[in-house]
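> could you look at this predicted model? Sequence included:
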Amino acid sequence: LQNVKDGLEMLLIAVQSKNKQLEEDLKREQQWHEEQKQLLDVLNKIEEETKTQVEQLPKKSLNTNTFDELQNKISKVKAYKNELLIALGEFLEEHFPLPEKCGSAKMNSSEDPAAELITLHEVLEILIKQLLNTPHEPYVTISDSFWPPYIELLLRCGIALRHPEDPNRMRLESFHI
């Protein structure tokens, strides 16, 4: 009976210690909960104040002058974008012509003569459109119309990347990210 009594007293001490620890944990959790409630109340007040401020703003806060300025800036940016695209196209046509235009008499015997080769400019357009239209699947299948030296140029310069599993697919490097 003495051994049982000693065992039960040790168990009682352990349970009391555990209860004390749980009470301390409960107090900390309750304090954290109160802090979170206060934080939520403050955020709700800020949200209400912001909503009332937005409602109080006149609906015609953007006058026509500001709107016209924004429209003017947008049109200037679009015009500049078009100028850049034209300049890029001219640069690519001048410095990266098709092999037939270069006068190279030798073509790889593996190339299909019926395949119409496309310019580097067109390859870049295809890659850009694919990246912007379907960012979740930016890869383009490399067809016979892509001239292999242009593909190698894009890959070596870090402009394009091959698919990790399919070497017949490539995508434009995501420079905008």
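Thanks, I have it.

> use CA for all of it now, contacts and neighbours both
Noted.

> so residue 164: helix, strand or coil?
coil (DSSP: H, G, I helix; E, B strand; the rest coil).

> next secondary structure element downstream of the helix or strand bottoming out on mean pLDDT in the chain?
One helix or strand of the chain scores below all others by mean pLDDT, DSSP states H and E: helix 99-102, with a mean of 61. As assigned by DSSP states H and E, the chain's next helix or strand after helix 99-102 is helix 120-133.

> that next one packs against which elements?
helix 64-95, strand 140-141, strand 169-172 (3 or more CA pairs under 8 Å, 6 or more residues apart in numbering; DSSP states H and E).

> out of the ones you listed, deepest packed?
Per residue and on average, the most neighbours among the helices and strands packed on helix 120-133 fall to strand 169-172, with a mean of 21 (mean count of other CA atoms under 10 Å).

> so where's this structure uncertain?
Within the chain, the ranges that satisfy pLDDT under 70 run 57-64, 100-114, 176-177.

> tell me the domain boundaries of it?
1-57, 114-176 (the TED database).

> deepest in the core, which of those is it.
domain 114-176 (a mean of 15).

> SS state for residue 167?
Residue 167 ends up coil, using three-state DSSP.

> could you say what helices and strands the helix or strand harbouring residue 38 packs with?
Using DSSP H and E, the element containing residue 38 is helix 2-56. The helices and strands touching helix 2-56, judged by 3+ CA pairs under 8 Å, 6+ apart, number zero.

> from the chain's centre, how far out does it sit?
Distance of helix 2-56 from the chain centroid (CA atoms, centre = their mean, to the nearest Å) equals 39 Å.

> do stretch 124-139 as well
13 Å.

> also stretch 75-92?
For stretch 75-92, the distance to the chain centre is 25 Å (CA atoms, centre = their mean).

> just to be sure, residue 161 is in a strand?
Yes - assessed by three-state DSSP, residue 161 belongs to a strand.

> quick check: it vs residue 26, distance?
With distances taken as CA to CA, to the nearest Å, residue 161 is found 55 Å from residue 26.

> same check, this time on residue 45
Residue 45 is 29 Å from residue 26, by CA to CA.

> could you find the closest non-adjacent residue to residue 154?
residue 160 (5.3 Å; CA to CA, 6 or more residues apart in numbering).

> make sure that neighbour is actually in contact with residue 152.
No - if you go by CA atoms under 8 Å, residue 160 and residue 152 don't touch, sitting 9.1 Å apart.

> could I have stretch 89-103 exported to CSV, CA atoms only?
Extracted in CSV, the C-alpha atoms of stretch 89-103 (Å, rounded to 0.1, in the frame of the first residue of the first chain):
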residue,chain,number,x,y,z
GLY,A,89,12.1,45.3,-86.6
GLU,A,90,14.4,47.4,-88.8
PHE,A,91,17.4,46.4,-86.7
LEU,A,92,16.6,42.7,-86.9
GLU,A,93,15.9,42.9,-90.7
GLU,A,94,19.2,44.6,-91.3
HIS,A,95,21.4,42.5,-89.0
PHE,A,96,19.6,39.2,-89.0
PRO,A,97,18.3,38.5,-92.5
LEU,A,98,17.0,35.1,-93.7
PRO,A,99,19.7,32.8,-95.1
GLU,A,100,18.3,33.1,-98.6
LYS,A,101,18.8,36.9,-98.4
CYS,A,102,22.4,36.4,-97.2
GLY,A,103,23.2,34.6,-100.4
